[in-house]
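Novice: Have a look at this prediction, sequence included:
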Amino acid sequence: MTTRQESVTPATPPPLLRLEGVTKKYPVRGGVLTAVDRVSIDIAPGKVLGVVGESGCGKTTLSRMMLRMTEPTSGAVQFKGDDIWALDGGKQKLFRKSVSAVFQDPYSSLNPRHRIDKAIMEPVLVNAGKGSVTGGLLEHLLTSVGLPITAAKLYPHEFSGGQRQRIAIARAISTQPELVLLDEPVSALDVSIRAQVLNLLKDLQHDTGVSYVFIAHDLSAVRYMSDEIIVVYLGAIVERASANKLYQTPRHPYTKALLEASLPPDPRNPSLTTQLRGDLPNPINAPSGCRFRTRCPIAAKICADSEPEFREVGSGHRAACHFA
């Protein structure tokens, strides 16, 4: 007698971090500035989510809400199913240990009065206490980011920009976080150093399984690092897809313009077909309907009359455009 075996599809792991309809508004002279508008995101364990968009589109505000540094006006931010703004003392401490960040400027993100050993180990001491610090932890962290143990007794001004960013990365991973937010981690570095830092981040993610939110203007860096990418315009997500799909078949005119505006193989023969017109609109008085219509080369009357739905335009590919 034989027993029939049915194939079982493995269950999708719950998201590590979830944003549900998150909005952030600031009262300013002349009205209300909407920095982030109804953003919903799921970040899976062990994955890298890339975030791209022009300066002023709300990327940093979004990351600050993920870090529990800025409270949303509406919507919810959940870490492992718990609202991060409702966490009690114990769970809040666990959240601080599990979520860390690497900021854009390696020159201002390190205290110039603290030696490197204190800069790196301070998160461990704050979150876990002195009794949890082992003698080899600092050496392991420095080695992980390609720095000698002698660096521990030096001060930030004795290092280059790339080395400072390595120190910032060592500090970010010192508590063995599950999620690290990387806010423009290579934009302040020389081009020759960027690849080293990106490869370092890739290796750490491969070795530890940590999740990243990778925010950058460098589209090639975002593609290299990310599993999935969201494109943000004027505080809202206008396109989301896997890295390969987004770069091979962009569906939103804004995404196409961003990709085509990157340096072409031959600058003498640019192939711009989706040129952006004008500047980013004033977020205090955003355009009606589609927020991108004032700069869009294919805008029509429907774009002013109704806001496009953020809808499925392909398998695992969503865009907010009437003509996607």
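Specialist: In hand now; what should we look at? Since we're looking at a predicted model, the values are computed, not measured.
Novice: Could you pull up phi and psi at the residue nearest to His317 when sequence neighbours are not counted?
Specialist: Nearest residue to His317 in three dimensions, chain neighbours excluded: Ala241, at 4.2 Å (C-beta to C-beta, 6 or more residues apart in numbering). All C-beta spots, glycine's among them, are computed from the backbone N, C-alpha and C. Geometry field for Ala241 lists phi and psi as phi -170, psi 170, criterion degrees, to the nearest 10.
Novice: which residues does Ala241 bridge with?
Specialist: Listed by DSSP bridges, the beta-bridge partners for Ala241 are Ile229.
Novice: hang on, isn't it packed against Ser315?
Specialist: No. Between Ala241 and Ser315 no contact is recorded; they are 9.4 Å apart, counting by C-beta atoms under 8 Å.
Novice: can you pull the buried residues of stretch 98-115?
Specialist: Ser98, Val99, Ser100, Ala101, Val102, Phe103, Gln104, Pro106, Ser109, Leu110 (16 or more other C-beta atoms under 10 Å).
Novice: Could I get the full set of helices for the stretch 1-150 of the chain?
Specialist: Read by DSSP state H, counting those that start in this stretch, the stretch 1-150 of the chain holds these helices, from start to end of the chain: 59-66, 89-98, 116-128, 137-144.
Novice: could I get these as JSON lines with distance to Ala319?
Specialist: As requested, the helices of the stretch 1-150 of the chain are exported to JSON lines (distance: least, C-beta to C-beta, whole Å):
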{"stretch": "helix 59-66", "distance to Ala319": "18"}
{"stretch": "helix 89-98", "distance to Ala319": "32"}
{"stretch": "helix 116-128", "distance to Ala319": "39"}
{"stretch": "helix 137-144", "distance to Ala319": "39"}
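Novice: now, of the ones you listed, which is deepest in the fold?
Specialist: When neighbours are counted by mean count of other C-beta atoms under 10 Å, the highest per-stretch mean among the helices of the stretch 1-150 of the chain falls to helix 59-66, a mean of 22.
Novice: Mind giving me the packing neighbours of that helix?
Specialist: Applying 3 or more C-beta pairs under 8 Å, 6 or more residues apart in numbering; DSSP states H and E, one finds that helix 59-66 contacts strand 17-28, strand 31-43, strand 48-52, strand 179-183, strand 211-215.
Novice: circling back to that earlier point, columns distance to Val28 and pLDDT on top of the buried residues of stretch 98-115, output as TSV?
Specialist: Output for the buried residues of stretch 98-115, formatted as TSV (distance: C-beta to C-beta, whole Å; pLDDT from 0 to 100):
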residue	distance to Val28	pLDDT
Ser98	34	94
Val99	29	95
Ser100	31	94
Ala101	26	94
Val102	29	94
Phe103	25	89
Gln104	24	87
Pro106	31	84
Ser109	27	88
Leu110	32	92
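Novice: Spatially, which two of those residues are the most separated?
Specialist: Within the buried residues of stretch 98-115, two members stand farthest from each other by C-beta to C-beta: Ser98 and Pro106, at 23.3 Å.
Novice: which non-adjacent residue is nearest Lys47?
Specialist: Among residues not flanking Lys47 along the chain, Asp227 sits closest, at 4.7 Å (C-beta to C-beta, 6+ apart).
Novice: ok, the one you found - contacts?
Specialist: Lys47, Val48, Leu49, Ser242, Ala243 (C-beta atoms under 8 Å, 6 or more residues apart in numbering).
Novice: what about 10 Å?
Specialist: When the contact criterion is C-beta atoms under 10 Å, 6 or more residues apart in numbering, the partners of Asp227 are Ala44, Gly46, Lys47, Val48, Leu49, Gly50, Ser211, Tyr212, Phe214, Ser242, Ala243, Asn244.
Novice: same thing with Leu16?
Specialist: When contacts are counted by C-beta under 10 Å, 6+ apart, Leu16 is found next to 42-47, 78-81, 98-99, 178-179, 210-211.
Novice: How about Gly21: what's its closest non-neighbour residue?
Specialist: Spatial nearest neighbour of Gly21, chain neighbours left out: Gly75 (4.1 Å); criterion: C-beta to C-beta, 6+ apart.
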